[in-house]
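J.: build the 3D model from these lines:
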Amino acid sequence: MSPHSPARRLGALIASVLAGALGCAHMGHAAAPACAEPFAAIYERVAPAVVFIAATSVNPFRLSDRVSRVVASGILLEPSGLILTNAHVAYARQAMRVTLDDGRSLPAELVGADPIFDLALIRVTPPAGAALPVARLGDSSAVRVGDEVLALGNPLGLEQTLTRGIVSSINRVLPDVPRSLAESLIQTDAAINPGNSGGPLLDRCGLVVGINTATIPDAQGIGFAVPINLARTVIPELVRHGHVVRPWIGFHGQLVDQDLQRLLRMPLVPGLAVEVVEAGGPAERAGLRGGQIDVEADGRQFLLGGDIVTEINGVRLTDPDRLEEAMRALKVGATVSLVIFRDGEVRRMEYAMPERPVLPSDLAGGRAMTPLGRKPRRGGP
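T.: Numbering: from 1, shown residues only. Below you'll find the predicted structure:
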């Protein structure tokens, strides 16, 4: 996962990505009617920059079904062979091959991956003298509900398939990931299936506004894409470090608000009720306590009985926005100061935050959505 690009390649990549963003920003919503070229023309222009990915991994601890294979998609960002796809496609794979639009098959290596945002960079080395076509990135902040979008990828291994739909919703939060780490997703009803992972979600101008990533099990017409603006912020770190650097606070929980107090009919103070303290993390070493009492009320589940964090670095945790503000201000190596409520008493706790490692809950298998990169089993998706 070690980066292998020189600093000038990183600078050029950032510059090219930002240039694409500025180009789209100049168009704005007022220019939208001008983007009316036929879908066939968009396909012909964008398809050469969309690749087919086949990845293989081996679980050495199993006696049967040891080999796992996935098929997926990706988009070319650089003529030299840098490809953006999903982390659940590329992370921890022993072998990857990329098939270009013209049929050439090339070995690929991992540049960097972030399982939390489900984004990864891989690289192929094109034949000598060959310059690969690249996708143009758009501006996902300009996406509106009702906008027409296209999904391009390799569903179920069917190469270069184009589907059409609309943006069904925006600001969907990734399930089973703390809000402080989650980013809003684009929801679409454009048909996406296993194999579409890492492929582009295109706006009406043929610009990439999202990276198709997942569906909800047993749903129809409910797919999700990672906004391309989020990918734009992650790309430099993946190139430079091979991963995204984050502080490790070491605990998770749910906010205690007035609705929760009325629901549970318990005397709880406002704050973050700590449910899980991550094993081996800094919060565990500092002595923070997680919940022990499993409670379900009105279809909601809670693990109560642990500490309630009322402040983080002086920010009172009274609502989700304040929690997000406090969490986003945390830095690797800095000291976090907590005010907690425990056994009827207010206490203070401080500890230094190391860099956050990849945890089992970060991986796609632990989420409520179905990643699109998995090869379908016989008889079903």
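
J.: just checking, what packs against the helix or strand harbouring residue 274?
T.: Assigned by DSSP states H and E, residue 274 belongs to strand 271-277. When contacts are defined as 3 or more C-beta pairs under 8 Å, 6 or more residues apart in numbering; DSSP states H and E, strand 271-277 packs onto strand 251-256, strand 300-304, strand 308-312. For the C-beta atoms, the positions are set from N, CA and C on the backbone; glycine is no exception.

J.: one more time with 6 Å, if that's ok
T.: On a contact count with 3 or more C-beta pairs under 6 Å, 6 or more residues apart in numbering; DSSP states H and E, strand 271-277 meets strand 251-256, strand 308-312.

J.: hey, least reliable of those by pLDDT?
T.: Out of these, strand 251-256 stands lowest, with a mean of 89 (criterion: mean pLDDT).

J.: now do that strand: everything it contacts.
T.: Strand 251-256 has contacts (C-beta atoms under 6 Å, 6 or more residues apart in numbering) with 178, 268, 270-277, 283, 288.

J.: in a markdown table, list the residues you listed along with neighbour count, distance to residue 206 and pLDDT.
T.: As requested, the contacts of strand 251-256 are arranged in a markdown table below (neighbours: other C-beta atoms under 10 Å; distance: C-beta to C-beta, whole Å; pLDDT from 0 to 100):
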| residue | neighbour count | distance to residue 206 | pLDDT |
| --- | --- | --- | --- |
| 178 | 17 | 35 | 45 |
| 268 | 16 | 52 | 76 |
| 270 | 18 | 48 | 88 |
| 271 | 24 | 47 | 92 |
| 272 | 23 | 44 | 93 |
| 273 | 23 | 47 | 92 |
| 274 | 25 | 47 | 95 |
| 275 | 19 | 45 | 94 |
| 276 | 16 | 44 | 94 |
| 277 | 23 | 47 | 96 |
| 283 | 25 | 47 | 96 |
| 288 | 23 | 50 | 97 |
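
J.: tell me the one of those nearest residue 94?
T.: residue 178 (30.3 Å; C-beta to C-beta).

J.: which among the contacts of strand 251-256 gets closest to residue 225?
T.: Among the contacts of strand 251-256, and counting by C-beta to C-beta, the member closest to residue 225 is residue 178, at 20.8 Å.

J.: coming back round to it: would CSV of the contacts of strand 251-256 with distance to residue 233 be doable?
T.: Formatted as CSV, the contacts of strand 251-256 follow (distance: C-beta to C-beta, whole Å):
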residue, distance to residue 233
178, 18
268, 36
270, 32
271, 30
272, 26
273, 31
274, 29
275, 29
276, 27
277, 29
283, 27
288, 30
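
J.: tell me where the stretch 101-250 of the chain is predicted with low confidence.
T.: Across the stretch 101-250 of the chain, the ranges flagged by pLDDT under 70 are 174-183.

J.: can you map out the helices along it?
T.: Taking DSSP state H, counting those that start in this stretch, the helices of the stretch 101-250 of the chain run over residues 228-241.

J.: in it, which spans are strands?
T.: Listed in chain order, the strands of the stretch 101-250 of the chain (DSSP state E, counting those that start in this stretch) span 105-114, 119-124, 148-153, 161-173, 184-188, 200-202, 208-215, 223-227.

J.: the third one: partners in the sheet, and parallel or antiparallel?
T.: Partner strands for strand 148-153, per DSSP bridges, with pairing direction: strand 161-173 (antiparallel), strand 200-202 (antiparallel).

J.: right, so those: which one is the most enclosed?
T.: Highest mean neighbour count of those: strand 200-202, a mean of 30 (counted as mean count of other C-beta atoms under 10 Å).

J.: what residues are up against residue 208?
T.: 135, 137-138, 200, 228.

J.: among the residues you listed, who's most crowded?
T.: Using other C-beta atoms under 10 Å as the neighbour test, those are led by residue 200, with 31 neighbours.

J.: quick check: domain ranges of the chain?
T.: Per automatic domain parsing, the structural domains of the chain span 7-244+365-371, 251-355.

J.: thinking again about what came up before, the strands paired with strand 148-153: which one's closest to residue 111?
T.: Judging the strands paired with strand 148-153 by C-beta to C-beta, what sits closest to residue 111 is strand 200-202, at 18.5 Å.

J.: got a list of what residue 114 touches?
T.: Counting by C-beta under 6 Å, 6+ apart, residue 114 makes contact with 87, 234, 244.

J.: now render those as TSV, adding distance to residue 206 and neighbour count.
T.: Formatted as TSV, those follow (distance: C-beta to C-beta, whole Å; neighbours: other C-beta atoms under 10 Å):
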residue	distance to residue 206	neighbour count
87	25	30
234	23	22
244	29	19
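
J.: between those, which is closest to residue 161?
T.: Nearest to residue 161 among the contacts of residue 114 is residue 87, at 22.4 Å by C-beta to C-beta.

J.: my read: that closest one touches residue 118, true?
T.: Yes - under the criterion of C-beta atoms under 6 Å, residue 87 makes contact with residue 118 at 4.9 Å.

J.: pull out the buried positions in the helix or strand that the strand holding residue 274 is followed by.
T.: Downstream of strand 271-277, the next assigned helix or strand under DSSP H and E is helix 282-286. Judged by neighbour count using 16 or more other C-beta atoms under 10 Å, the buried positions of helix 282-286 are 282-284, 286.

J.: most neighbours per residue, which of the domains of the chain?
T.: Mean neighbour count (mean count of other C-beta under 10 Å) peaks for domain 7-244+365-371 among the domains of the chain, with a mean of 19.
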